[in-house]
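Peer 1: fold the following for me, if possible:
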Amino acid sequence: MMFLNYTDPFAAGTGGPGSTFTNYADITEYGVRLKSASEAAFDLGRIEKYFKTINTKAVSLNTEIGLGIKSNVAELQKTLNEVYNEGIQYGISWDDASKLLSGIQGQMGRLIPTTAENTKNALIFGKAIGETPENVAKLVAGMTEYGITQSKSIEIMNKVAATARASGVDAKKLTATVSSNIQKAQIYGFKNGVEGLTKMAAQAQRVGLSLDTAQKTANLILDGGPEKAVEMASKLQALGGNIGALGDPFQLIHMSMYDMEGLQDQIIKASSAAVEFNETTGDFKIGGEEMLRLRQQADILGLSYEDVAKGAINARKEQEIMSKGIDFRGLTEEQKGLVSSLAEIGPGGKVSIDLPGFNEGASELGDLLKDPAFMAELKKYGENLELAEDPQALQTAMLQNAKDQLSVEEQQLNTLVKLANQGIEGVGSKGFDAIQALTKTTMYDANSGFNDLFTSIKNSSVDLGQNYKEAYANLTTLFKTGVIDPLITSVTSAINTLNNMLINLKTSGIDITPTPALDAFVPAGGGKMVTGSFGKFLGDTKDDMLLSPGIGDFFNKYNESENILKSIGSPKTGGDLSLLYKNANAQPSQNLVDLLTKSSSFSPTNTEITQKVEIGGKTEITLNINTNIPQNLINEVLNTAQLKDTIMSTVNTRLSAEYSDKLSNAFITQKRG
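Peer 2: Just a heads-up that it's a prediction; the model follows:
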């Protein structure tokens with residue numbers, strides 16, 4: 001299980017409970033955590049960290065909402081501390097209060113008064129309806145912007161939440177609607193001010209009507225004066241239908257000026273008359289002719305068809321339920337709204353209801369209204385509203401509502417954190433005095449002695465500045481001679497070494513030592529036949545025969561050259577060996593270039609191999625190969641027709657008398673037998 005809402009931020013590194021209170025396999029584990037929480041209560045490091053954290057938050061908050069006046073910090077510390085420690089049992093986090101206060105100030109853009117009581121009650125309201133501190137701040141700010149105090153705003157929000165619960169509508173949405181429209185209770189006519197606005201908003205929310213609907217009609221009437229009211233009433237009368245008070249111009253003016261709730265109610269009733277109920281199917285719909293009439297009616301009232309159609313259908317459903325001979329006597333208006341909102345009417349006009357928390361079985365609504373158990377459960381939804389005239393009693397009920405929203409898991413977590421905070425609560429406000437005393441250990445206290453310490457060090461370092469300056473005066477020269485010049489020498493040396501190696505590679509750097517091979521054509525005792533270290537044979541127009549340098553030696557030199565390149569930061573990271581080979585004077589055949597390209601990344605091992613190559617018929621020649629080229633590449637070379645042709649050509653050439661004249665230009669010395 002994972003505990004929700006928050007973790008204790010003051011436990012890190014002090015052995016306190018905090019985020020370790022997350023996993024509980026069973027009650028035994030919970031018992032272990034209780035012991036840990038008890039020990040944490042006496043952790044002085046944790047206690048000190050708590051008061052430092054609250055002080056830091058208070059200073060930051062004071063900069064944001066208190067205009068930076070130092071005396072406000074103490075009050076903010078007190079508020080944050082009290083709200084957190086008293087609010088743990090309701091699931092209030094340590095920084096919820098700062099989020100709320102910051103949100104209110106940010107919304108209003110001016111200095112706001114703060115008290116621990118108002119802050120806690122506002123957060124309790126949020127917990128009771130499942131709202132965040134930031135959104136509660138918007139609700140409070142929305143009301144205080146129009147001259148309503150914070151405490152009065154919280155009372156209003158509590159009443160709105162009680163009305164929402166009693167009427168069967170979402171409390172968060174209703175509260176947001178009332179808060180954002182609170183000015184209408186001051187600038188438009190409502191019989192009972194904010195209470196009238198709340199009831200009007202609840203009705204609009206229940207039937208799916210916008211709260212602005214009646215306002216649009218009222219504005220149209222008030223802007224046009226009595227003439228507009230007479231014109232509107234006349235057109236509605238001519239249109240026909242159940243228009244009620246909307247057909248009376250004097251009623252229109254009166255409702256627009258003093259009774260916005262009544263105007264909305266009349267619009268809903270007139271619109272719902274256009275909706276038909278099919279008792280056989282249980283469906284509600286607006287017929288063709290009624291749709292045309294409703295469109296014209298909406299246009300006369302300054303509304304759109306969409307403004308009224310949805311509300312008309314839901315209102316018609318409520319009216320149909322109320323007309324089924326069910327005895328609603330004894331129910332309050334809010335209870336009637338709740339029942340009609342939760343009830344469903346189906347085929348045959350059967351009315352049923354699903355009241356959360358009660359098992360209705362197959363009973364119809366009429367029978368349930370006679371059931372004492374059902375009525376008792378229904379009454380619970382309106383209990384808070386009955387306390388509306390007693391703000392303190394309603395606030396107490398909201399405290400219980402907030403607790404009721406906590407799961408068992410959250411209750412366990414809150415218990416652990418509350419237990420761990422008993423040391424903090426015991427220290428109380430003296431903790432802030434102790435933290436403030438720490439100022440005496442800083443340079444901000446006139447008697448701390450830091451000024452003497454600073455002066456002593458400064459006076460003892462009078463010559464330090466000049467010496468510091470002179471020590472670095474020749475920094476450019478010192479850096480050049482100590483760092484840059486040696487680096488240039490090192491790089492130059494590395495480049496020269498590389499150049500010399502490449503020159504050796506290009507000229508005589510490859511050792512081609514003759515190695516004996518069996519002469520298959522010359523009688524025993526004859527001269528040497530094919531000599532040289534292993535290499536793929538090359539054709540050359542300048543010579544009858546030319547052997548490539550030993551590829552193994554070549555690779556060794558290549559690797560050495562590449563290491564030098566890397567040591568001086570060359571961008572070369574490996575690649576085509578044939579490029580280095582081509583830089584030498586030798587001109588390799590394409591076969592050798594391919595071999596070198598394919599073999600640019602292998603790491604061969606020196607081996608000595610005796611390989612027989614069948615030239616043609618029964619003629620064979622044996623090659624003694626001493627190389628570090630892998631066997632698979634050797635096989636690739638020896639199995640090519642070009643090699644066989646080259647060997648035969650070489651044999652024939654060396655059997656000729658003219659060959660001896662060219663020995664001085666060959667890479668390999670050959671004596672004729």
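Peer 1: need the helices for the stretch 301-450 of the chain, in chain order.
Peer 2: 305-322, 333-342, 365-368, 372-380, 383-386, 391-404, 408-420, 422-427, 430-437, 450-459 (DSSP state H, counting those that start in this stretch).
Peer 1: which of those sits closest to residue 184?
Peer 2: When the helices of the stretch 301-450 of the chain are compared by CB to CB, helix 305-322 sits nearest residue 184, at 17.2 Å. Every C-beta, even on glycine, is put in place using the N, C-alpha and C of the backbone.
Peer 1: so residue 284, which state does it fall into?
Peer 2: strand (DSSP: H, G, I helix; E, B strand; the rest coil).
Peer 1: nearest to residue 250 among the helices of the stretch 301-450 of the chain would be which one?
Peer 2: Evaluated over those, closeness to residue 250 peaks at helix 305-322, with 23.0 Å, by CB to CB.
Peer 1: so which elements touch the closest one?
Peer 2: Counting contacts by 3 or more CB pairs under 8 Å, 6 or more residues apart in numbering; DSSP states H and E, helix 305-322 is packed against helix 194-207, helix 212-239, helix 260-272, strand 275-278, strand 283-286, helix 288-300, helix 333-342, strand 343-345.
Peer 1: which of the ones you listed has the lowest mean pLDDT?
Peer 2: Ranked by mean pLDDT, the helices and strands packed on helix 305-322 bottom out at helix 333-342, which scores a mean of 83.
Peer 1: show me what it is packed against.
Peer 2: helix 150-167, helix 194-207, helix 305-322, helix 372-380.
Peer 1: using TSV, lay out the ones you listed together with distance to residue 43 and mean neighbour count.
Peer 2: Compiled in TSV, the helices and strands packed on helix 333-342 are given as follows (distance: least, CB to CB, whole Å; neighbours: other CB atoms under 10 Å):
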stretch	distance to residue 43	mean neighbour count
helix 150-167	36	24
helix 194-207	48	23
helix 305-322	58	20
helix 372-380	44	14
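Peer 1: could I get those helices in JSON lines, plus columns for distance to residue 427?
Peer 2: Output for the helices and strands packed on helix 333-342, formatted as JSON lines (distance: least, CB to CB, whole Å):
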{"stretch": "helix 150-167", "distance to residue 427": "29"}
{"stretch": "helix 194-207", "distance to residue 427": "43"}
{"stretch": "helix 305-322", "distance to residue 427": "57"}
{"stretch": "helix 372-380", "distance to residue 427": "42"}
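Peer 1: what helix or strand is residue 78 on?
Peer 2: helix 71-87 (DSSP states H and E).
Peer 1: list the contacts of that helix.
Peer 2: Outside of helix 71-87, the residues within contact range by CB atoms under 8 Å, 6 or more residues apart in numbering are 54-55, 57-59, 61-62, 66, 92-94, 96-98, 101, 114-116, 119-120, 123-124, 421, 424-425, 429, 432.
Peer 1: now do 6 Å
Peer 2: For helix 71-87, the surrounding residues in contact (CB atoms under 6 Å, 6 or more residues apart in numbering) are 54, 58-59, 61-62, 66, 94, 97, 114, 116, 119-120, 425, 432.
Peer 1: off-centre distance for the following helix or strand past that helix?
Peer 2: Heading C-terminal from helix 71-87, the first helix or strand you meet, by DSSP H and E, is helix 96-108. With CA atoms, centre = their mean, to the nearest Å as the basis, helix 96-108 stands 23 Å off its chain's centre.
Peer 1: between helix 96-108 and helix 71-87, how many degrees?
Peer 2: Using axes from the mean of the first three to the mean of the last three CA atoms, to 10 degrees, the inter-axis angle of helix 96-108 relative to helix 71-87 is 130 degrees.
Peer 1: can you tell me, leaving aside adjacent residues, what's nearest to residue 285?
Peer 2: Closest residue to residue 285 apart from its sequence neighbours, by CB to CB, 6 or more residues apart in numbering: residue 276 at 5.9 Å.
Peer 1: that neighbour: neighbour count?
Peer 2: Neighbours of residue 276 under the rule other CB atoms under 10 Å: 12.
Peer 1: residue 270 is nearest to which of the helices of the stretch 301-450 of the chain?
Peer 2: helix 305-322 (8.6 Å).
Peer 1: run through who's touching the closest one.
Peer 2: 207-209, 213, 268, 271-272, 274-275, 277, 284, 295, 298, 340, 343, 345, 351.
Peer 1: out of these, which are buried?
Peer 2: 207, 209, 213, 268, 271-272, 274-275, 277, 284, 295, 298, 340, 343, 345, 351 (16 or more other CB atoms under 10 Å).
Peer 1: contacting residues around residue 273?
Peer 2: Residue 273 neighbours (CB under 6 Å, 6+ apart): 241-242.
Peer 1: what is the burial count for residue 429?
Peer 2: 13.
Peer 1: what pLDDT does it get?
Peer 2: Reported pLDDT for residue 429: 86.
Peer 1: any stretches of the chain with poor pLDDT?
Peer 2: 1-28, 66, 505-673 (pLDDT under 70).
Peer 1: show me how it divides into domains.
Peer 2: The chain breaks down by automatic domain parsing into domains covering 1-91+408-441, 504-665.
Peer 1: quick revisit: among the helices and strands packed on helix 305-322, which is nearest residue 477?
Peer 2: Proximity to residue 477 (CB to CB) singles out helix 212-239 among the helices and strands packed on helix 305-322, at 80.7 Å.
Peer 1: measure the residue nearest to residue 439 when sequence neighbours are not counted to residue 456 for me?
Peer 2: Once flanking residues are discounted, residue 439 sits nearest to residue 445: 5.3 Å by CB to CB, 6+ apart. Relative to residue 456, residue 445 is positioned 18 Å away (CB to CB, to the nearest Å).
Peer 1: one more: residue 284?
Peer 2: 91 Å.
Peer 1: my guess is residue 97 contacts residue 119, does it?
Peer 2: Yes. Shown here, residue 97 and residue 119 form a contact pair, counting by CB atoms under 6 Å, at 5.1 Å.
Peer 1: rewinding a little: to residue 357, which of the helices of the stretch 301-450 of the chain lies closest?
Peer 2: Closest to residue 357 of these, according to CB to CB: helix 372-380, at 5.9 Å.
Peer 1: for that closest one, packing partners?
Peer 2: Packing partners of helix 372-380 (3 or more CB pairs under 6 Å, 6 or more residues apart in numbering; DSSP states H and E): none among the helices and strands.
Peer 1: so what's the gap between it and the chain middle?
Peer 2: Distance of helix 372-380 from the chain centroid (CA atoms, centre = their mean) equals 46 Å.
Peer 1: do stretch 407-416 as well
Peer 2: In this view, stretch 407-416 has its centroid 27 Å away from the chain centroid, taken as CA atoms, centre = their mean.
Peer 1: give the buried residues for that stretch.
Peer 2: Buried residues in stretch 407-416, counted by 16+ other CB under 10 Å: 410, 412-416.
Peer 1: adding distance to residue 320, write these out as TSV.
Peer 2: As requested, the buried residues of stretch 407-416 are exported to TSV (distance: CB to CB, whole Å):
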residue	distance to residue 320
410	43
412	48
413	48
414	47
415	50
416	53
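Peer 1: out of those, which one sits closest to residue 262?
Peer 2: Residue 262 lies nearest to residue 410 out of the buried residues of stretch 407-416, by CB to CB, at 44.5 Å.
Peer 1: next one: the closest one from residue 398, what distance?
Peer 2: Counting by CB to CB, the gap from residue 410 to residue 398 is 18 Å.
Peer 1: what does residue 127 give?
Peer 2: With distances taken as CB to CB, residue 127 is found 9 Å from residue 398.
Peer 1: try residue 261
Peer 2: From residue 261 to residue 398 the distance is 25 Å (CB to CB).
Peer 1: residue 172 reaches residue 129, doesn't it?
Peer 2: Yes. Applying CB under 6 Å as the test, residue 172 and residue 129 come out as touching, 5.5 Å apart.
Peer 1: the more surrounded of these two?
Peer 2: Set side by side, residue 172 and residue 129 show more neighbours around residue 129, with 25 against 16, by other CB under 10 Å.
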